[in-house]
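Novice: the following comprises the amino acid sequence and a computationally predicted model.
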Amino acid sequence: MPGDIVTNPDNTSPALDRTPAEAALAELIVSSLQLEIAPDEIEPEERLFGEGLGLDSIDALELALAISRSYGFELRSDDERNRRIFASLRSLSSHIEAHRTK
Amino acid sequence: MSTAPLVDRPGGTSLFLLPSGRVDGPTFLADAHALAAALPEARHVFNLCRDRYHFVVAFAAALIRGQASLLCGDATPAVLEAVAARYGCAAALADDPAVPSPVPVIAVRPERRRAPAPNPALPREQLAAIVFTSGSTGVPTPHRKLWGALVDRSRAAGLRFALEERGPASIVGTVPPGHMYGFETTVLLPLHAACASWCGQAFFPGDVQAALDAVPSPRVVVTTPLQMRALLQGMDRAAVRALISATAPLDPAMAAAAETRWGAPVLEIFGATECGSIASRRTVEGEAWSPYPGVTLREEGEATLVHAEQMDAVTLADELAMLGDGRFRLLGRRADMVKMGGRRASLAGLNRILTGLDGVRDGIFVVPDDLDRRTTARLLAVVVAPDRTAPSILADLRDRLDPLFLPRRVVHVEALPRNALGKLPRQALLELLARVEAG
């Protein structure tokens, strides 16, 4: 569930270095794109598109729909800024936290 | 010598709609001539512009100088380099100075200052563009576009979609300008048919909504089945006169849902990079496609050939059945072709690229059965490459393939189940994959 918080009681898993919001977004990315990796395999600073996860333009569209459903706001293209927003899990998550309506 | 004008629209009407204002014919011609004067001597130039208005100014500037634009879509640097060498291409027109280019970049920065500029009559036989698709050998295949054929098709589309009837339409296109479908409907169409093309952002449903709010009525959305699905989920209100879709057959149920949602007809264009748009239909009215005026289809054995003026006969990659009344039905795609997000590639070509990588002894791309129905479905690569890791193979492929065709997973196996003829029966491959998955 996108709203769930991933807890990390034993302090050993790689999920340690991410905020609850980032962990929830990682879950949403994996489930909406049906990626064959675990959510905590997405490094917060790793590139989502191109190198790194290697997502493409169809994925961007799919992800925008999932974000709209889960967080209640529409992504917009805005050249430079957009490239920054989609750069990594961390940047996308902070954009969402700043704009979410649910 | 037979000619057609660069622009054939009444003086003050809008051709292009920018977020910062509208562009009419004289302003566009002034921009095109200003850039044309800055171009070096050349027979071919790359057009790498991302912005739609910059793209059309660059294309027109090249035309004015008698130069053909090379359109490579989302080509990788390796592809651009191969094309540059093959065509002795000396310059690239681009609006992003940092764009990867194998040749010097000429900046495209139209000033949109209205100044007296002639509207040239261009020979119909002039080579206007060469559009590239990924070929079956892994090397890009060129498709030559003569000016006369492009103009004829714009006029035919203008008639087919009745753009003249209720005043010039505003076209909001979600498709890139360098893809043949986007090139025809959002770059060329406003030059010869009663419409103006939106040149701001239009990718996410939120963009399309904002674009529709910004342009005058009547509005026409030009899009793809994938984007249509996104619009149905993300765009509630919209006053549109029509929606046009292409690149893959639209699901009739989705077309019906879109017609109900927006109270407008959903039309589809059928075409291919080789021959451009050649037919259309209204999806909810049935399977039959009506060829554009000026386009003739002829069956030759199993194949269908497309004929039109200023165009070499083209053999379609799709199989179709002619109906008695001149219309046709689509039967399917030839087995070697795989289509993703409107782009097409030959599986044989993809496999050749995979097996050409260092350390890959054998390999094959696997197409999931539900590729056409599931938007998250992607190709899979199975390799015999004991000394290579999956990420390193992916990194090599990334330099050579359109990202849409990158495998979502690279699966290592000890050997591929090839039969005595060297062929790989799909069933044997799927069984092998199932065994690997089971561990």
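Specialist: Happy to help now that I have it.
Novice: contacts made by stretch B:21-32 with the rest, please.
Specialist: Stretch B:21-32 is contacted from outside by B:6-7, B:9-17, B:53, B:56-57, B:60-61, B:63-64, B:110-119, B:196, using CB atoms under 8 Å, 6 or more residues apart in numbering or on different chains. In short, each C-beta sits where N, CA and C put it, glycine included.
Novice: from those residues, which would you call buried?
Specialist: Buried residues within those, counting neighbours by 16 or more other CB atoms under 10 Å in any protein chain shown: B:6-7, B:9, B:14-17, B:53, B:56-57, B:60-61, B:63-64, B:110, B:112, B:117, B:119, B:196.
Novice: inside helices: which ones of the contacts of stretch B:21-32?
Specialist: Those of the contacts of stretch B:21-32 mapping onto helices are B:53, B:56-57, B:60-61, B:63-64, per DSSP state H.
Novice: closest to chain A out of those?
Specialist: B:Y53 (13.9 Å; CB to the nearest CB).
Novice: can you tell me which residues contact the closest one?
Specialist: With CB under 8 Å, 6+ apart, B:Y53 has these contacts: B:16, B:18, B:23, B:110, B:199.
Novice: Throw those residues into a markdown table and include pLDDT and distance to B:R281, thanks.
Specialist: As requested, these are exported to a markdown table (pLDDT from 0 to 100; distance: CB to CB, whole Å):
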| residue | pLDDT | distance to B:R281 |
| --- | --- | --- |
| B:F16 | 98 | 28 |
| B:L18 | 97 | 32 |
| B:V23 | 97 | 32 |
| B:P110 | 95 | 37 |
| B:C199 | 97 | 28 |
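Novice: checking the residue in chain A that chain B sits nearest to next. Helix, strand or coil?
Specialist: Going by CB to the nearest CB, chain B is nearest to A:E74 of chain A, at 3.2 Å. Following DSSP: H, G, I helix; E, B strand; the rest coil, A:E74 is assigned to coil.
Novice: quick one, what contacts it?
Specialist: Counting by CB under 8 Å, 6+ apart, A:E74 has contacts A:64, A:68, B:204-206, B:209, B:234.
Novice: then B:F161?
Specialist: B:169, B:220, B:242, B:244, B:267, B:280.
Novice: the closest residue in space to the fifth one that isn't next to it in sequence is in what secondary structure piece?
Specialist: On the basis of CB to CB, 6 or more residues apart in numbering or on different chains, the spatially nearest residue to B:L267 that is not a chain neighbour turns out to be B:I244, at 5.0 Å. Here B:I244 is covered by strand B:242-245, with elements defined by DSSP states H and E.
Novice: and that strand, which strands flank it?
Specialist: strand B:219-223 (parallel), strand B:266-272 (parallel) (DSSP bridges).
Novice: could you name the helices and strands sitting against the helix or strand following that strand?
Specialist: Downstream of strand B:242-245, the first helix or strand assigned by DSSP H and E is helix B:252-262. Here helix B:252-262 touches helix B:225-234, strand B:242-245, strand B:266-272, going by 3 or more CB pairs under 8 Å, 6 or more residues apart in numbering or on different chains; DSSP states H and E.
Novice: show the pLDDT at residue 52.
Specialist: Assuming you mean chain A. For A:G52, the pLDDT comes out at 73.
Novice: nope, chain B
Specialist: 97.
Novice: ok, now B:G135?
Specialist: Confidence for B:G135, expressed as pLDDT, is 63.
Novice: ok, now A:N11?
Specialist: Predicted confidence (pLDDT) at A:N11: the value is 43.
Novice: now swap in B:G341 and tell me
Specialist: pLDDT, read off for B:G341, is 78.
Novice: what does A:N8 give?
Specialist: The model's pLDDT for A:N8 equals 42.
Novice: now B:I278
Specialist: The model's pLDDT for B:I278 equals 96.
Novice: what does B:G349 give?
Specialist: Value for B:G349, per-residue pLDDT: 83.
Novice: how many neighbours does it have?
Specialist: 22 (other CB atoms under 10 Å in any protein chain shown).
Novice: ok, B:R333 next?
Specialist: 16.
Novice: okay, the contacts of B:Y53 in JSON lines with distance to B:D402 next?
Specialist: What follows is the contacts of B:Y53, written out as JSON lines (distance: CB to CB, whole Å):
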{"residue": "B:F16", "distance to B:D402": "28"}
{"residue": "B:L18", "distance to B:D402": "29"}
{"residue": "B:V23", "distance to B:D402": "31"}
{"residue": "B:P110", "distance to B:D402": "29"}
{"residue": "B:C199", "distance to B:D402": "24"}
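Novice: in strands only, show me the residues you listed.
Specialist: B:16, B:18, B:23 (DSSP state E).
Novice: A:E27: which of those is nearest?
Specialist: Using CB to CB, B:L18 comes nearest to A:E27 of the ones in strands among the contacts of B:Y53, at 39.6 Å.
Novice: just name the closest of the contacts of B:F161 to chain A, please.
Specialist: Nearest to chain A among those is B:I244, at 18.2 Å by CB to the nearest CB.
Novice: who's the closest one bridged to?
Specialist: B:V222, B:L267.
Novice: circling back: looking at the contacts of A:E74, state which has the most neighbours.
Specialist: That'd be B:F204 among the contacts of A:E74, by other CB under 10 Å, with 27 neighbours.
Novice: what helices and strands are in contact with the lowest-mean-pLDDT helix or strand in chain A?
Specialist: Within chain A, no helix or strand scores below helix A:79-85, which has a mean of 75 by mean pLDDT, DSSP states H and E. Other helices and strands packing on helix A:79-85, by 3+ CB pairs under 8 Å, 6+ apart, are helix A:89-99.
Novice: what does the helix it packs on contact?
Specialist: Contacts for helix A:89-99 (CB under 8 Å, 6+ apart): A:18-19, A:21-22, A:25-26, A:29, A:42-46, A:48, A:67, A:71, A:73, A:84-86.
Novice: ok, now with 10 Å
Specialist: With CB atoms under 10 Å, 6 or more residues apart in numbering or on different chains as the test, helix A:89-99 has contacts from A:17-26, A:28-29, A:39, A:42-48, A:52-53, A:63, A:67, A:70-76, A:81-86, A:88.
Novice: so how far is the strand holding B:I244 from its chain's centroid?
Specialist: Averaging C-alpha positions (CA atoms, centre = their mean, to the nearest Å) puts strand B:242-245 16 Å from its chain's average.
Novice: equivalent analysis for stretch B:363-382, please.
Specialist: 21 Å.
Novice: so for that stretch, what gets flagged as buried?
Specialist: Under 16+ other CB under 10 Å, the buried positions of stretch B:363-382 are B:363-367, B:372, B:375, B:377-382.
Novice: then stretch B:231-245?
Specialist: Result for stretch B:231-245 [16+ other CB under 10 Å]: buried residues B:231-232, B:234-235, B:238, B:240-245.
Novice: ok, B:D312 - contacts?
Specialist: Contact partners of B:D312, counting by CB under 10 Å, 6+ apart, are B:143-144, B:146, B:149, B:274-275, B:306.
Novice: so who does the residue lying closest to B:R261 once chain neighbours are set aside touch?
Specialist: Spatial nearest neighbour of B:R261, excluding adjacent residues (CB to CB, 6+ apart): B:L232 at 6.5 Å. Counting by CB under 10 Å, 6+ apart, B:L232 makes contact with A:65, B:205, B:254, B:257-258, B:261-262.
Novice: of the residues you listed, buried ones?
Specialist: Those of those that meet the buried threshold are A:65, B:205, B:254, B:258, B:261-262, by 16+ other CB under 10 Å.
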